[in-house]
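Asks: Return a 3D structure for these sequence lines:
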Amino acid sequence: MFRLFPEIPRPFNTQYKCFSVSMLPGNERQDVERGGKIIMPPSALDTLTRLNIVYPMLFKLTNKKTNRITHCGVLEFVADEGKVYLPYWMMHNLLLQEGEILNVECVSLPVATYARFQPQSEDFLDITNPKAVLENGLRNFACLTTGDVIAIKYNARIYEMCVLETKPGSAVTIIECDMNVEFAPPVGYKEPEKPVSKEEDNVDPVDLMPEPTGFVAFKGQGNRLDGKKRKESAPTETASDKPVYVRGIPDYDYKIGTLKFLRNVKPVNVKEVKDQDEFKAFMGEGFSLRKSKK
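Replies: Next up, the predicted model:
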(Lines give C-alpha, C1' and ligand atoms only; values in the text may rest on other atoms or scores of the structure.)
Protein backbone atom coordinates (compact mmCIF):
# COMPACT_ATOMS: atom_id res chain seq x y z
CA MET A 1 0.00 0.00 0.00
CA PHE A 2 1.39 3.39 -1.01
CA ARG A 3 1.52 5.97 1.78
CA LEU A 4 1.20 9.64 0.95
CA PHE A 5 2.54 10.59 4.36
CA PRO A 6 5.37 8.27 5.39
CA GLU A 7 5.74 7.62 9.08
CA ILE A 8 8.25 9.89 10.81
CA PRO A 9 10.82 7.76 12.63
CA ARG A 10 10.71 8.07 16.38
CA PRO A 11 13.86 9.15 18.19
CA PHE A 12 15.82 6.51 20.07
CA ASN A 13 14.83 6.86 23.72
CA THR A 14 14.73 3.77 25.91
CA GLN A 15 15.69 2.48 29.35
CA TYR A 16 18.19 -0.17 30.39
CA LYS A 17 19.57 -1.69 33.54
CA CYS A 18 23.07 -0.29 33.96
CA PHE A 19 26.13 -2.10 35.28
CA SER A 20 29.78 -1.20 35.60
CA VAL A 21 32.29 -2.67 33.16
CA SER A 22 33.65 -4.95 35.88
CA MET A 23 30.32 -6.87 35.71
CA LEU A 24 30.72 -7.56 31.98
CA PRO A 25 31.08 -11.33 31.32
CA GLY A 26 34.42 -12.45 29.91
CA ASN A 27 37.82 -10.89 30.17
CA GLU A 28 38.43 -7.59 31.93
CA ARG A 29 37.81 -4.62 29.63
CA GLN A 30 40.26 -1.90 30.65
CA ASP A 31 39.71 -0.13 27.32
CA VAL A 32 36.16 0.73 28.40
CA GLU A 33 37.27 2.05 31.81
CA ARG A 34 39.77 4.42 30.19
CA GLY A 35 37.24 6.15 27.96
CA GLY A 36 33.83 7.73 27.69
CA LYS A 37 31.94 5.09 25.71
CA ILE A 38 29.40 2.45 26.74
CA ILE A 39 28.49 -1.09 25.61
CA MET A 40 24.90 -1.60 24.44
CA PRO A 41 22.87 -4.68 23.40
CA PRO A 42 22.57 -5.76 19.72
CA SER A 43 18.87 -4.81 19.61
CA ALA A 44 19.87 -1.18 20.10
CA LEU A 45 21.94 -1.29 16.90
CA ASP A 46 19.00 -2.70 14.94
CA THR A 47 16.72 0.05 16.22
CA LEU A 48 19.24 2.79 15.49
CA THR A 49 19.75 1.48 11.94
CA ARG A 50 16.03 1.59 11.22
CA LEU A 51 15.83 5.15 12.54
CA ASN A 52 18.60 6.30 10.15
CA ILE A 53 20.62 7.84 12.99
CA VAL A 54 23.39 10.21 11.89
CA TYR A 55 26.90 9.09 12.76
CA PRO A 56 28.74 9.34 15.07
CA MET A 57 26.22 7.91 17.51
CA LEU A 58 26.06 10.05 20.63
CA PHE A 59 23.82 9.44 23.61
CA LYS A 60 22.42 11.37 26.54
CA LEU A 61 22.39 9.34 29.76
CA THR A 62 19.91 10.40 32.47
CA ASN A 63 19.40 9.15 36.00
CA LYS A 64 15.82 10.27 36.54
CA LYS A 65 16.00 9.64 40.29
CA THR A 66 18.69 12.27 40.80
CA ASN A 67 18.33 14.27 37.53
CA ARG A 68 22.02 13.71 36.82
CA ILE A 69 22.94 13.91 33.11
CA THR A 70 26.02 13.07 31.06
CA HIS A 71 26.83 12.26 27.42
CA CYS A 72 28.79 9.45 25.81
CA GLY A 73 29.49 7.41 22.69
CA VAL A 74 29.07 3.70 22.07
CA LEU A 75 31.97 1.26 21.82
CA GLU A 76 30.28 -2.07 21.01
CA PHE A 77 26.85 -3.71 20.79
CA VAL A 78 27.62 -6.96 22.65
CA ALA A 79 25.80 -6.49 25.97
CA ASP A 80 23.02 -8.76 27.15
CA GLU A 81 19.55 -7.66 26.16
CA GLY A 82 18.10 -5.04 28.47
CA LYS A 83 21.53 -4.10 29.89
CA VAL A 84 24.21 -1.47 29.28
CA TYR A 85 27.71 -1.38 30.70
CA LEU A 86 29.32 1.93 31.75
CA PRO A 87 32.78 3.01 32.95
CA TYR A 88 32.94 3.31 36.72
CA TRP A 89 33.64 7.08 36.65
CA MET A 90 30.48 7.59 34.59
CA MET A 91 28.34 5.66 37.06
CA HIS A 92 29.89 7.72 39.85
CA ASN A 93 28.92 10.99 38.12
CA LEU A 94 25.36 9.77 37.57
CA LEU A 95 25.07 8.47 41.18
CA LEU A 96 24.04 5.04 39.91
CA GLN A 97 24.17 1.67 41.66
CA GLU A 98 24.53 -1.72 39.97
CA GLY A 99 21.28 -2.75 38.27
CA GLU A 100 19.51 0.63 38.47
CA ILE A 101 17.45 1.97 35.58
CA LEU A 102 19.21 4.34 33.16
CA ASN A 103 17.52 6.34 30.41
CA VAL A 104 19.46 6.35 27.10
CA GLU A 105 18.55 8.87 24.39
CA CYS A 106 20.24 9.45 21.04
CA VAL A 107 21.22 13.11 20.55
CA SER A 108 23.22 15.41 18.27
CA LEU A 109 25.90 17.64 19.82
CA PRO A 110 27.92 20.62 18.48
CA VAL A 111 31.61 20.20 17.74
CA ALA A 112 33.88 21.39 20.56
CA THR A 113 36.04 24.50 20.13
CA TYR A 114 37.18 25.09 23.73
CA ALA A 115 37.39 23.20 27.03
CA ARG A 116 38.80 24.02 30.46
CA PHE A 117 39.81 21.32 32.92
CA GLN A 118 40.71 21.31 36.61
CA PRO A 119 42.89 18.49 37.96
CA GLN A 120 41.53 17.04 41.18
CA SER A 121 45.00 16.40 42.59
CA GLU A 122 48.24 18.37 42.77
CA ASP A 123 50.10 15.29 41.49
CA PHE A 124 49.01 16.29 37.98
CA LEU A 125 51.61 19.10 38.11
CA ASP A 126 54.40 16.49 38.16
CA ILE A 127 53.62 15.52 34.54
CA THR A 128 56.09 17.03 32.08
CA ASN A 129 53.60 17.66 29.25
CA PRO A 130 50.04 17.65 30.67
CA LYS A 131 48.38 18.77 27.42
CA ALA A 132 49.86 15.84 25.52
CA VAL A 133 48.73 13.42 28.25
CA LEU A 134 45.21 14.85 28.17
CA GLU A 135 45.07 14.74 24.36
CA ASN A 136 46.11 11.10 24.36
CA GLY A 137 43.53 10.24 27.03
CA LEU A 138 40.67 12.01 25.25
CA ARG A 139 41.09 9.80 22.19
CA ASN A 140 38.86 7.25 23.94
CA PHE A 141 36.11 9.83 24.52
CA ALA A 142 33.36 10.85 22.13
CA CYS A 143 32.00 13.91 23.97
CA LEU A 144 32.38 16.09 27.05
CA THR A 145 29.78 17.41 29.48
CA THR A 146 30.30 20.43 31.74
CA GLY A 147 30.44 19.33 35.37
CA ASP A 148 31.66 15.78 34.72
CA VAL A 149 34.75 14.40 36.44
CA ILE A 150 36.49 12.22 33.87
CA ALA A 151 39.32 9.77 34.47
CA ILE A 152 42.61 9.83 32.54
CA LYS A 153 45.12 6.99 32.93
CA TYR A 154 48.83 7.74 32.62
CA ASN A 155 51.83 5.72 33.83
CA ALA A 156 49.63 3.23 35.72
CA ARG A 157 47.91 6.10 37.58
CA ILE A 158 44.40 7.51 37.31
CA TYR A 159 44.11 11.30 37.18
CA GLU A 160 40.65 12.80 37.67
CA MET A 161 39.82 15.94 35.68
CA CYS A 162 36.75 18.11 36.24
CA VAL A 163 35.29 19.62 33.06
CA LEU A 164 34.73 23.24 34.14
CA GLU A 165 33.63 24.71 30.82
CA THR A 166 32.98 23.68 27.24
CA LYS A 167 32.17 25.73 24.14
CA PRO A 168 29.99 26.26 22.15
CA GLY A 169 27.64 24.40 24.53
CA SER A 170 27.48 22.64 27.88
CA ALA A 171 27.82 19.31 26.03
CA VAL A 172 30.04 18.92 22.95
CA THR A 173 31.47 16.23 20.74
CA ILE A 174 35.26 15.96 20.46
CA ILE A 175 35.42 13.64 17.44
CA GLU A 176 37.55 15.16 14.65
CA CYS A 177 37.66 18.64 16.15
CA ASP A 178 40.20 21.40 16.76
CA MET A 179 39.75 22.24 20.43
CA ASN A 180 41.64 24.76 22.57
CA VAL A 181 42.45 23.40 26.04
CA GLU A 182 43.19 25.29 29.26
CA PHE A 183 43.94 24.11 32.79
CA ALA A 184 42.72 25.64 36.05
CA PRO A 185 44.89 25.32 39.20
CA PRO A 186 44.48 21.88 40.79
CA VAL A 187 42.21 21.47 43.79
CA GLY A 188 44.06 22.51 46.95
CA TYR A 189 46.95 24.16 45.09
CA LYS A 190 48.36 27.39 46.52
CA GLU A 191 51.01 29.64 45.02
CA PRO A 192 54.25 29.36 47.03
CA GLU A 193 54.87 32.47 49.12
CA LYS A 194 58.34 33.80 49.87
CA PRO A 195 58.86 33.87 53.65
CA VAL A 196 59.75 37.40 54.77
CA SER A 197 60.24 38.25 58.45
CA LYS A 198 58.90 41.47 59.95
CA GLU A 199 62.36 42.54 61.12
CA GLU A 200 63.74 42.48 57.57
CA ASP A 201 60.90 44.71 56.36
CA ASN A 202 61.80 47.52 58.77
CA VAL A 203 65.59 47.49 58.30
CA ASP A 204 67.15 50.17 56.11
CA PRO A 205 69.42 48.55 53.49
CA VAL A 206 72.19 51.06 54.31
CA ASP A 207 72.17 49.89 57.91
CA LEU A 208 73.09 46.42 56.75
CA MET A 209 76.44 47.70 55.41
CA PRO A 210 79.26 47.13 57.92
CA GLU A 211 80.89 50.18 59.49
CA PRO A 212 84.43 50.89 58.24
CA THR A 213 87.13 49.77 60.65
CA GLY A 214 90.84 50.67 60.93
CA PHE A 215 92.68 53.85 60.05
CA VAL A 216 90.75 56.68 58.32
CA ALA A 217 92.94 59.46 56.83
CA PHE A 218 92.45 63.16 57.68
CA LYS A 219 89.74 62.52 60.23
CA GLY A 220 91.46 64.33 63.12
CA GLN A 221 91.03 67.99 64.22
CA GLY A 222 93.46 70.50 62.66
CA ASN A 223 95.36 73.34 64.53
CA ARG A 224 97.06 76.50 63.26
CA LEU A 225 100.78 77.15 64.01
CA ASP A 226 100.22 80.87 64.79
CA GLY A 227 97.77 79.99 67.57
CA LYS A 228 94.79 81.59 65.93
CA LYS A 229 91.50 79.80 65.90
CA ARG A 230 90.79 77.75 62.86
CA LYS A 231 87.95 78.95 60.69
CA GLU A 232 85.06 76.53 60.59
CA SER A 233 84.60 75.38 57.02
CA ALA A 234 81.51 73.89 55.54
CA PRO A 235 81.17 70.22 56.35
CA THR A 236 82.36 68.07 53.50
CA GLU A 237 81.40 64.55 52.76
CA THR A 238 84.20 62.17 53.74
CA ALA A 239 84.84 58.64 52.79
CA SER A 240 83.46 57.48 56.14
CA ASP A 241 80.05 59.03 55.38
CA LYS A 242 79.47 56.65 52.51
CA PRO A 243 78.92 52.95 53.06
CA VAL A 244 81.94 51.05 51.83
CA TYR A 245 81.28 48.21 49.43
CA VAL A 246 82.25 44.88 50.93
CA ARG A 247 82.47 41.72 48.88
CA GLY A 248 79.56 39.37 49.49
CA ILE A 249 77.00 42.02 50.49
CA PRO A 250 74.46 42.98 47.82
CA ASP A 251 74.04 46.52 46.57
CA TYR A 252 70.59 47.49 47.83
CA ASP A 253 70.61 50.71 45.78
CA TYR A 254 70.84 48.78 42.51
CA LYS A 255 68.52 50.00 39.74
CA ILE A 256 67.30 47.71 37.00
CA GLY A 257 69.03 48.37 33.68
CA THR A 258 72.31 49.68 35.13
CA LEU A 259 75.71 48.03 35.38
CA LYS A 260 78.52 48.89 37.77
CA PHE A 261 82.13 47.92 37.08
CA LEU A 262 84.38 48.14 40.13
CA ARG A 263 88.06 48.68 39.25
CA ASN A 264 91.21 49.54 41.16
CA VAL A 265 92.19 52.82 39.46
CA LYS A 266 95.51 54.49 40.28
CA PRO A 267 94.89 57.98 41.73
CA VAL A 268 95.89 60.91 39.51
CA ASN A 269 98.99 62.86 40.59
CA VAL A 270 97.89 66.50 40.47
CA LYS A 271 101.50 67.79 40.52
CA GLU A 272 102.49 65.81 37.45
CA VAL A 273 99.45 67.02 35.55
CA LYS A 274 100.25 70.61 36.52
CA ASP A 275 103.88 70.32 35.36
CA GLN A 276 102.71 68.94 32.01
CA ASP A 277 100.33 71.87 31.57
CA GLU A 278 103.18 74.39 32.16
CA PHE A 279 105.63 72.76 29.72
CA LYS A 280 106.93 75.07 26.95
CA ALA A 281 109.03 73.97 23.97
CA PHE A 282 112.74 75.09 23.57
CA MET A 283 112.84 76.77 26.97
CA GLY A 284 115.70 74.60 28.32
CA GLU A 285 119.38 75.54 28.71
CA GLY A 286 121.51 75.05 25.56
CA PHE A 287 125.06 73.56 25.22
CA SER A 288 127.67 73.97 22.48
CA LEU A 289 129.73 71.02 21.15
CA ARG A 290 132.76 73.31 20.45
CA LYS A 291 134.79 74.21 23.48
CA SER A 292 135.32 77.86 24.18
CA LYS A 293 138.85 79.30 23.75
CA LYS A 294 138.42 81.24 26.91
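
Asks: Is His92 located within a strand, as I assumed?
Replies: No. Counting by DSSP: H, G, I helix; E, B strand; the rest coil, His92 is not part of a strand but helix.

Asks: OK, contacts around it?
Replies: His92 sits next to Val149 when contact means CB atoms under 8 Å, 6 or more residues apart in numbering. Yep, even glycine has a C-beta here, placed from its N, CA and C like the rest.

Asks: so Leu48 touches Met57, yeah?
Replies: Yes. With contact defined as CB atoms under 8 Å, Leu48 counts as touching Met57 (6.4 Å).

Asks: which residues are in contact with both of these two?
Replies: Common neighbours of Leu48 and Met57 (CB under 8 Å, 6+ apart) are Cys106.

Asks: For the longest strand along the chain, which outside residues touch it?
Replies: As assigned by DSSP state E, the longest strand anywhere in the chain is strand 157-167. Contact partners of strand 157-167, identified using CB under 8 Å, 6+ apart, comprise 89, 112-121, 123-124, 133-134, 144-153, 172, 184.

Asks: Please spell out which residues along that strand are buried.
Replies: Buried residues in strand 157-167, counted by 16 or more other CB atoms under 10 Å: Tyr159, Glu160, Met161, Cys162, Val163, Thr166.

Asks: ok, now stretch 139-151?
Replies: Asn140, Phe141, Ala142, Cys143, Leu144, Thr145, Thr146, Asp148, Ile150, Ala151.

Asks: Now do it: distance from first to last residue.
Replies: 12 Å (CA to CA, to the nearest Å).

Asks: Quick one: distance of stretch 127-140 to the chain centre.
Replies: Averaging C-alpha positions (CA atoms, centre = their mean, to the nearest Å) puts stretch 127-140 15 Å from its chain's average.

Asks: List only buried entries from the contacts of strand 157-167.
Replies: For the contacts of strand 157-167, buried by 16+ other CB under 10 Å: 89, 112, 115-121, 124, 133-134, 144-146, 148, 150-153, 172.

Asks: Keep only those of the residues you listed that are in strands.
Replies: Ala115, Arg116, Phe117, Gln118, Pro119, Leu144, Thr145, Ile150, Ala151, Ile152, Lys153, Val172.

Asks: how about these, which pair is most distant?
Replies: The distance between the two most remote of these (CB to CB) is 22.2 Å, for Lys153 and Val172.

Asks: which residues of the stretch 51-200 of the chain score low on pLDDT?
Replies: The model of the stretch 51-200 of the chain has pLDDT under 70 over residues 195-200.

Asks: Domain map for this protein?
Replies: Segmentation of the chain into domains, based on the TED database, reads 13-106, 114-183.

Asks: I'd like the distance between the spatially closest residue to Tyr189 that is not a sequence neighbour and Lys190.
Replies: Computed as CB to CB, 6 or more residues apart in numbering, the closest residue to Tyr189 that is not its neighbour in sequence is Glu122, at 5.3 Å. From Glu122 over to Lys190 the distance is 9 Å, taken as CB to CB, to the nearest Å.

Asks: Which one's more surrounded, the two?
Replies: Looking at Glu122 and Lys190 with other CB atoms under 10 Å, you find the greater number of neighbours at Glu122, namely 13 against 7.

Asks: what's that one in contact with, if anything?
Replies: Glu122 neighbours (CB under 8 Å, 6+ apart): Pro186, Val187, Gly188, Tyr189.

Asks: one more time with 10 Å, if that's ok
Replies: Pro185, Pro186, Val187, Gly188, Tyr189, Lys190 (CB atoms under 10 Å, 6 or more residues apart in numbering).

Asks: The fourth one and Phe124 touch, don't they?
Replies: Think Gly188. No. Counting by CB atoms under 10 Å, Gly188 stays clear of Phe124, with 11.3 Å between them.

Asks: Select, from the buried residues of stretch 139-151, the two members most distant in space.
Replies: Asn140 and Thr146 (19.3 Å).

Asks: contacting residues around stretch 96-105?
Replies: Residues from elsewhere that reach stretch 96-105 (CB under 10 Å, 6+ apart): 11-20, 22-23, 38, 40, 44, 58-66, 68-69, 71-72, 74, 83-84, 86, 90-91, 94.

Asks: of those, buried ones?
Replies: Among those, the ones that count as buried by 16+ other CB under 10 Å are 12, 16, 18-20, 38, 40, 44, 58-63, 69, 71-72, 74, 83-84, 86, 90-91, 94.

Asks: Quick check: nearest residue in space to Thr66, chain neighbours excluded?
Replies: Thr66 sits nearest to Leu95 (CB to CB, 6+ apart), 4.8 Å away.
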